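A.B. asks: Show me the folded form of this:
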Amino acid sequence: MKLNELSPAEGSTKQRMRIGRGVGSGKGKTGGRGVKGQKARSGVAINGFEGGQMPIYMRLPKRGFTPRGQKTTSWVNLGRVAKAVEAGKLDPSNVTEETLVASGLVRNVRDGVRLLAKGDAPKNLNITVTGASKAAIEAVEKAGGKVTVTGAAKDTAAE
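C.D. replies: Sure thing, here's the model as predicted:
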């Protein structure tokens, strides 16, 4: 076998359609572009064009700002954690982000999980998360548990 004798397997490649090469080719005359108009010409870029009317994306007000590199965290409330512990889905002695996903409390971790204070904390909860609100940490500690925050210091700030 020689390199100049190699060829692709039969049927694995297809010839490209050569347009604008005569009526007999099946893609001659207008070359599959229909008849006249802006779309028949070369260099068309009309996404969002509304026939000269001010486009909707320019008519609507722009609000807000999203910084680049912003972290998106999933969050879970203490009340939902307590329900999962009561239902036997979670072991309160060792709750991590992975066990929260496995129990169905959090769909995915993203850049971490943040614990929020809505609801009552279960007794003796030992939880490790990326961030937690001050109120959530206080509630867990009042119920005899412990919160370990693995994220940056700004994640622990109250909401």
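A.B. asks: who's in contact with the closest residue to Arg33 other than its chain neighbours?
C.D. replies: In space, and not counting its chain neighbours, Arg33 is closest to Ala40: 4.5 Å by C-beta to C-beta, 6 or more residues apart in numbering. Every residue, glycine included, has its C-beta placed from N, CA and C. Counting by C-beta atoms under 8 Å, 6 or more residues apart in numbering, Ala40 touches 30, 33-34.
A.B. asks: Angles on the backbone of the residue nearest in space to the middle of the chain, please.
C.D. replies: Central residue of the chain (C-alpha atoms, centre = their mean): Arg110, 8.3 Å from the mean position. Backbone torsions for Arg110, taken as degrees, to the nearest 10, come to phi 50, psi -120.
A.B. asks: same question, Ser103
C.D. replies: Ser103 adopts backbone torsions of phi -80, psi -10, taken as degrees, to the nearest 10.
A.B. asks: Now do the same for it: its pLDDT.
C.D. replies: Note for Ser103: predicted pLDDT of 93.
A.B. asks: isn't it right up against Ala84?
C.D. replies: Yes: between Ser103 and Ala84 there is a contact under C-beta atoms under 8 Å: 5.3 Å.
A.B. asks: quick one: common contacting residues for those two?
C.D. replies: By C-beta under 8 Å, 6+ apart, Ser103 and Ala84 have these common neighbours: Leu90.
A.B. asks: Wasn't Ile19 part of a strand?
C.D. replies: No: counting by DSSP: H, G, I helix; E, B strand; the rest coil, Ile19 is not part of a strand but coil.
A.B. asks: contacting residues around it?
C.D. replies: For Ile19, the contact set (C-beta under 8 Å, 6+ apart) comprises 25, 27-28, 31-32.
A.B. asks: Please tell me the pLDDT value assigned to it.
C.D. replies: On pLDDT, Ile19 comes in at 92.
A.B. asks: Check Thr96 too.
C.D. replies: pLDDT recorded at Thr96 is 93.
A.B. asks: which one is it nearest to, not counting chain neighbours?
C.D. replies: With sequence-adjacent residues excluded and distances taken as C-beta to C-beta, 6+ apart, Thr96 is closest to Thr128, at 5.0 Å.
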